[in-house]
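Asks: pasting the sequence and the predicted model now:
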Amino acid sequence: MKVVKDSVIYLGGELFSKALPFLLLPYLTRKLGVEGFGEMSYYTAFLSFFTIIVGLSQDGAVARYYYFYGKRNLGTLVFSGYLYTALITLIGLLVAAYYQSLIFAVLILTSATSSMLAVQLSVRQCQKQAISYVKIQLATGILSALLTVIILELVNTELVLFRFIAMLATQCLIVIGAYYLFPNNAVIKIRWKKKQILLSLNYIFTFGLPLMLHHGSNTLKAQADKWLVYHQYSAESLGVYAAGFQIASIFSILIMAINKATVPYYFEALKQKRLNKNTILKWSLLSLFVAPIIFIISYLLPESLFLWLLDEQYIGVSYYISIFLVGFSLMIPYLLLVNNLFYLGKNGVVSISSLIATLVYIFSLIFLSGTGIENIPFALIIGNILILPILYYKIEKSEIKNERF
């Protein structure tokens, strides 16, 4: 019963915290306008890539370390990760200062605090501290929404910049609060020996560097189209395109929230042999039927509903919503498969598979962009479909070769 209770708590916290930014969507689309919303989406793409570089999958490294080795050296691992984050952030700020770009400096700092916050959440989830986890999530979502509205109502220019400043201020406050308001004994015990810190850094790099390719590939599939639309078409076109993406991504947020809430139990089931290869493969195939179902449902919804939500300026948004929903639905079989490979520590296999799928996505994106902006979303579907048979094959043959690829 505790497993079910904790899962519900995690899921509820994830959904509520992620729902708050989407509740801001009608406000932002009107406050920023089509062009401003497109510009914000453009810089959000940079933020996503900065977070990968600055974060280096430290939250994932913490989770895997805890499940394989326990919490004995967990504090040193977290501290060592923060040392890396501080160093890479300093380098990024120097580059931003050289180019005299305030918005890029803000984005780099935001990516750093985002990484630190993700580690704090990972530590609490590993130790099944569901209430503490949800408190942090809720505080982040509520404070971000409040600061965004307050700051944007106080300024008249550089609205996109101040939106990111609101995010940065929120995460700074929550990261500090995560230590003092929601203390966690596991992260207090730090071994200050140089050898322990170097070993922890080595673990983070060994785990995170292969995943940079994996996460970079996924982020590229989610963000490269926005760069292309922004430069090849216009900020206004990107505004409508990005609004469709944002609404459709509510479904992906739901999927990721469920995934994040259940991954610890997924790993435990694998460890205790309650979940096997055949079950994973079976459910990954069945989940493919979600794509046509959700497309039909979204297609039947009137566009007037979305225009009422966003603004009359966003005509044509319903088309993008339907196509993006199909692409996001393919995350379900992907996560079912890839989590098994992560558990086995096959990060390199996942990264190579992601690279292949991303290359196909890029070629598809370039080709489709020449046929019209309305065809660009299909590149996401092509890229997401291609990686599934690769992962399926790797899992199918894993037990035959004693879990070695």
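Replies: It's in. All of these numbers come straight from a predicted model, not from anything done at the bench. Residues are numbered from 1 along each chain as shown.
Asks: flag the shaky bits of the stretch 151-300 of the chain, pLDDT-wise.
Replies: Scanning the stretch 151-300 of the chain for pLDDT under 70 picks out 181-192.
Asks: over to the stretch 301-405 of the chain?
Replies: In the stretch 301-405 of the chain (pLDDT under 70), the answer is 398-405.
Asks: 90 instead, please
Replies: Within the stretch 301-405 of the chain, the ranges that satisfy pLDDT under 90 run 306, 309-314, 316, 336-361, 369-370, 372, 383-384, 386-387, 390-405.
Asks: show the pLDDT at G81.
Replies: For G81, the pLDDT comes out at 91.
Asks: neighbours around it, how many?
Replies: 25 (other Cβ atoms under 10 Å). (C-beta placed from N, C-alpha, C; glycine too.)
Asks: tell me how many other residues crowd the residue lying closest to it once chain neighbours are set aside.
Replies: Once flanking residues are discounted, G81 sits nearest to Q58: 4.1 Å by Cβ to Cβ, 6 or more residues apart in numbering. By other Cβ under 10 Å, 24 other residues sit near Q58.
Asks: same deal with I255?
Replies: Neighbour number of I255 under other Cβ under 10 Å is 19.
Asks: longest single helix anywhere in the chain?
Replies: helix 194-232 (DSSP state H).
Asks: what about that one, distance to the chain center?
Replies: 11 Å (Cα atoms, centre = their mean, to the nearest Å).
Asks: residues of it that come out buried?
Replies: Residues of helix 194-232 classed as buried: 196-197, 199-201, 203-204, 207-208, 210-230 (neighbour count, 16 or more other Cβ atoms under 10 Å).
Asks: and the residue nearest to G81, how far from G208?
Replies: 7 Å (Cβ to Cβ, to the nearest Å).
Asks: tell me which element R274 is part of?
Replies: Take DSSP states H and E as the rule and R274 turns out to sit in neither a helix nor a strand.
Asks: quick check: it vs F267, distance?
Replies: Applying Cβ to Cβ to R274 and F267 gives a distance of 11 Å.
Asks: ok, now L391?
Replies: Using Cβ to Cβ, one obtains 17 Å as the distance from L391 to F267.
Asks: higher neighbour count, the two?
Replies: Of the pair L391 and F267, L391 is the one with more neighbours under other Cβ under 10 Å, namely 23 against 20.
Asks: quick one, what contacts A105?
Replies: If you count contacts by Cβ atoms under 8 Å, 6 or more residues apart in numbering, A105 has them with 92-93, 96-97.
Asks: equivalent analysis for Y334, please.
Replies: Contacts for Y334 (Cβ under 8 Å, 6+ apart) come out as 384, 387-388, 391.
Asks: for it, grab phi and psi.
Replies: Y334 has phi and psi values of phi -60, psi -50 when expressed as degrees, to the nearest 10.
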